[in-house]
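Asker: sequence unknown, structure follows:
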C-alpha cells in the first residue's frame, strides 16, 4: 500500500541520515514557508477527492531555518496523509513563531487522538518508546520517524520536539513540531 511504501521510504531516509558522515549531516538554510506550502499543494488533489478543506497558514514574514529539507518534507507529507484519513472535513497546516521556537502544527476537526496515541506521543521524545500497539492500529514508526527528525534539528544546545494534542483550534487532533 502507499502508506507502507511511505513508511519504508522514511525509514530508509532516516537510516541514510543517521549513517552519513558528520560533514554531510550539516543542515542547510531552507525556506520553510515555501517547503510547507509546496507540500500542502501536493496534497490538494487527495484532499479534494476526499472532500476535505486543506488550508495553510503562516507568519506574515517568510521563515527560513537551518534544516534537512528532505526529512522535513517527508515528515509534513506523512502528517498530512494521516490527518486526511482521520479528519471529518477540515485540515490545516499552520506555521508560527513561539518564543525561540518555530512551531508547525497539523490540525484537524476529527475525533482527536486516542489516549494510547497521546501517551505514545509523549514517550516518543524519550528513550522509553512504546512497543507495537495493534489496539490503536499504530506501529509507532511514524512517531519514531517524527521524533528523530525533530531531534536532528538543533540550535544552541536546544533540539526540536514533537507533541500530540487534542481539542486543537479546529476541535480535533493536533500534531505539533517545534524547531529551535
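Answerer: Yes, it's here. Everything quoted here is computed from the prediction, not taken from an experiment. Numbering: from 1, shown residues only.
Asker: all contacts plus neighbour counts: C-alpha atoms, from now on.
Answerer: OK.
Asker: pretty sure residue 51 sits against residue 87.
Answerer: No - using CA atoms under 8 Å, residue 51 is not in contact with residue 87; the gap is 10.5 Å.
Asker: ok, the two, which is more surrounded?
Answerer: Counted by other CA atoms under 10 Å, residue 51 and residue 87 do not tie: residue 87 has more neighbours, with 20 against 13.
Asker: tell me the secondary structure at residue 96.
Answerer: strand (DSSP: H, G, I helix; E, B strand; the rest coil).
Asker: what count of nearby residues applies to it?
Answerer: 17.
Asker: same question, the one 5 residues further on
Answerer: Residue 101 has 15 neighbouring residues, counting by other CA under 10 Å.
Asker: who's it bridged to?
Answerer: Beta bridges link residue 101 to residue 98, judged by DSSP bridges.
Asker: pLDDT wise, what is it at?
Answerer: For residue 101, the pLDDT comes out at 92.
Asker: how far away is it from residue 163?
Answerer: 14 Å (CA to CA, to the nearest Å).
Asker: just residue 73 next, same as before
Answerer: 18 Å.
Asker: more neighbours, these two?
Answerer: Taking other CA under 10 Å, residue 73 and residue 163 do not tie; residue 163 has more neighbours (21 against 17).
Asker: what are the boundaries of the helices in the chain?
Answerer: Secondary structure of the chain, counting by DSSP state H: helices at 2-19, 32-42, 44-49, 69-86, 115-123, 141-152.
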